[in-house]
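Visitor: would you be able to build a 3D model of this:
(one chain, ligands or ions: 2)
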Amino acid sequence: MTLLDAIRGRHARRHSHRLDEVEVDALVDAWARAAEGAGFVRVVSTVTGPTVIAPRLVHIVLGPPAVLTVRLEPGQTVAELRTLARRLAPHLGARALRIEALGVGDHARVTLLAADPLAAPVALLPGRGVLLGRGEDGRCLRVEPADLPHLIAQGATRSGKSRWLYGLVAQLAARADVEVAGVDPSGLTLRPFTGTRHAHRQACGLADPARAEAVLVGLVAEMDRRLAVMPTWLDVLPLGEDEPLIAVVLEEYPALLRALDAADAKLGKRVRALVARLLAESHKVGLRVVLVAQRAEATIVGGAERAQCEGRLSFRVDTAESLRLLHPDADDLAVDHATAPAGVALVSWPGRPTFRLRAPHVASYGAYAAAVTATTRGAA
Ligand SMILES: Nc1ncnc2c1ncn2[C@@H]1O[C@H](COP(=O)(O)OP(=O)(O)O)[C@@H](O)[C@H]1O
Ligand SMILES: [Mg+2]
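Guide: Ligands and ions are numbered 1, 2, ... in the order given. Predicted structure coming up:
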């Protein structure tokens with residue numbers, strides 16, 4: 001290296017150093033204004049009147065991706081910051097923010113993402129419990145089947161409801177301590193179970209409406225049996241291979257109700273009552289309802305039944321009103337969610353603020369059917 005090169009190099013470094021300083025200043029400024037605009041500030045009263053304090057940035061990595069370390073003000077939480085991420089992101093020049101807690105929750109790491117973190121597919125990899133999807137923060141929602149709440153999933157046609165259900169059902173079917181039951185008017189979701197140990201509690205297709213009722217009557221009878229044998233000193237029935245968890249899949253539930261109402265109005269009414277009982281009483285004795293509909297409206301599931309479903313997923317829905325049915329707190333997200341890609345859902349889950357999730361990718365119906373067949377073969 002000649003002396004000239006060395007000097008040039010030093011100049012270049014100094015020059016880029018100055019550019020970095022400009023960028024850092026711009027980010028500090030943008031952060032303060034974004035936080036103030038979103039109301040993520042502490043207001044203290046001083047002799048000269050109220051003073052607004054935005055949480056300070058204590059460290060910046062320019063990246064890309066740029067990563068900000070924020071020292072929260074007393075009273076502020078990382079969870080609160082997460083709920084504001086969508087409002088903050090555009091003012092920081094980002095498409096989305098990933099927010100992680102640091103220290104004892106008094107600091108947050110904010111990563112500025114140039115692309116939607118949910119754009120990439122999520123592989124259905126084995127691990128603890130069942131994988132329901134991955135959130136914007138990169139964390140997977142994995143749940144032991146016994147810890148599942150009753151679930152309701154809504155979404156427009158081709159929004160990814162069935163693919164998500166395939167992933168869930170395939171994982172449940174692979175467990176010896178889980179039985180997959182349900183009624184499936186599409187005929188596709190439960191068809192791979194034909195001839196397996198699960199089939200006796202399943203109704204597939206709409207050719208025989210009485211069969212759908214019989215399956216639900218059987219499930220309610222099983223629930224009542226379990227309630228009767230539940231030891232008096234317990235409020236939750238212990239589960240295992242003798243007393244398996246029963247997942248009750250109600251795929252395309254509105255289509256089922258329409259078909260039953262058309263066949264015999266009383267049949268539709270009876271089935272609604274059976275499902276209402278399952279939702280209200282079966283959780284403590286090891287049954288989990290997974291109800292899928294285009295829209296979770298009152299004619300399909302009444303408010304009381306909806307309230308029993310603590311796990312709520314909305315794939316793409318067209319109106320804020322639909323979203324409000326399952327996520328009363330998510331008005332902020334409605335506009336964006338109307339154009340969500342297939343497989344991206346808004347999720348309300350016990351103990352968590354509403355978040356976006358990408359469902360695991362099941363490559364095709366064939367892959368789903370093969371997965372079910374592989375795990376249930378010979379177990380009829
Ligand atoms: N998680 C996903 N990742 C990628 N593509 C998906 C995903 N879920 C659904 N899709 C695409 O969307 C299409 C429709 O999905 P589907 O589950 O059948 O919708 P729905 O049951 O809501 O009508 C699928 O054929 C697939 O191409
Ligand atoms: Mg479907």
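Visitor: SS state for residue 318?
Guide: Per DSSP: H, G, I helix; E, B strand; the rest coil, the secondary structure class of residue 318 is coil.
Visitor: how deep is it tucked in, by neighbour count?
Guide: Burial of residue 318 is recorded as 16 neighbouring residues (other CB atoms under 10 Å). Heads up, the C-betas are built off the backbone N, CA and C, glycines and all.
Visitor: what pLDDT does it get?
Guide: Residue 318 is assigned a pLDDT of 86 by the prediction.
Visitor: and if you look at residue 21?
Guide: The confidence metric pLDDT takes the value 82 at residue 21.
Visitor: same deal with the one 5 residues further on?
Guide: According to the predicted model, the pLDDT of residue 26 comes to 89.
Visitor: helix or strand for it, which one?
Guide: Assignment of secondary structure by DSSP states H and E places residue 26 within helix 3-38.
Visitor: which residues touch the next helix or strand after that helix?
Guide: Next helix or strand after helix 3-38 toward the C-terminus (DSSP H and E): strand 42-46. Strand 42-46 is contacted from outside by 50, 51, 52, 53, 55, 73, 74, 75, 76, using CB atoms under 8 Å, 6 or more residues apart in numbering.
Visitor: buried subset of these, written for PyMOL?
Guide: The following PyMOL selection, which keeps only the buried ones among the contacts of strand 42-46, applies the criterion 16 or more other CB atoms under 10 Å:
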select buried, resi 55+73+76
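Visitor: show me the contacts of strand 42-46 that map onto strands.
Guide: Counted as lying in strands by DSSP state E, out of these, are 50, 51, 52, 53.
Visitor: contacts only, for the first one.
Guide: What that stands for is residue 50. Going by CB under 8 Å, 6+ apart, the list of residues near residue 50 reads 43, 44.
Visitor: equivalent analysis for the last one, please.
Guide: Taking CB under 8 Å, 6+ apart as the contact definition, residue 53 lies against 41, 42, 43, 44, 73.
Visitor: and the fourth one, how far from residue 78?
Guide: Taking CB to CB, to the nearest Å as the measure, residue 44 falls 21 Å from residue 78.
Visitor: and the two? which has more neighbours close in?
Guide: Relative neighbour count places residue 78 above the other of residue 44 and residue 78, with 19 against 11, counting by other CB under 10 Å.
Visitor: nearest residue to that one in space, please, no chain neighbours.
Guide: Counting by CB to CB, 6 or more residues apart in numbering, residue 101 is the residue found nearest to residue 78 once chain neighbours are left out, at 4.2 Å.
Visitor: phi and psi next, for the residue of the chain found nearest ligand 1.
Guide: Relative to ligand 1, the nearest point of the chain is residue 343 (2.4 Å; CB to the nearest ligand atom). Reported as degrees, to the nearest 10, the phi and psi values for residue 343 are phi 90, psi 0.
Visitor: and the pLDDT for it?
Guide: As predicted, residue 343 sits at a pLDDT of 96.
Visitor: hmm, residue 158 and it touching each other?
Guide: No: the pair residue 343 and residue 158 fails to qualify as a contact (CB atoms under 8 Å) at a distance of 10.4 Å.
Visitor: and ligand 1, which of the contacts of residue 53 reach it?
Guide: Here nothing survives when the contacts of residue 53 are matched to ligand 1 using CB under 6 Å from any ligand atom.
Visitor: okay if I get these as CSV plus distance to residue 198?
Guide: Rendered in CSV, the data for these read as follows (distance: CB to CB, whole Å):
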residue, distance to residue 198
41, 55
42, 55
43, 58
44, 61
73, 54
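Visitor: now the residue nearest to residue 119 when sequence neighbours are not counted: how far from residue 177?
Guide: Setting aside the residues directly before and after it, residue 119 is nearest to residue 341 in space (CB to CB, 6+ apart), at 7.6 Å. Residue 341 sits 34 Å away from residue 177 when distances are taken as CB to CB.
Visitor: can you check residue 197 too?
Guide: Using CB to CB, one obtains 12 Å as the distance from residue 197 to residue 177.
Visitor: residues of the stretch 201-350 of the chain that sit close to ligand 1?
Guide: Within the stretch 201-350 of the chain, the residues that sit near ligand 1 (CB under 6 Å from any ligand atom) are 315, 342, 343.
Visitor: which residues touch the first one?
Guide: For residue 315, the contact set (CB under 8 Å, 6+ apart) comprises 153-156, 159-161, 164, 340, 342-345, 359.
Visitor: check what pLDDT the nearest residue to residue 35 once chain neighbours are set aside gets.
Guide: Setting aside the residues directly before and after it, residue 35 is nearest to residue 54 in space (CB to CB, 6+ apart), at 4.1 Å. On the pLDDT scale, residue 54 is placed at 93.
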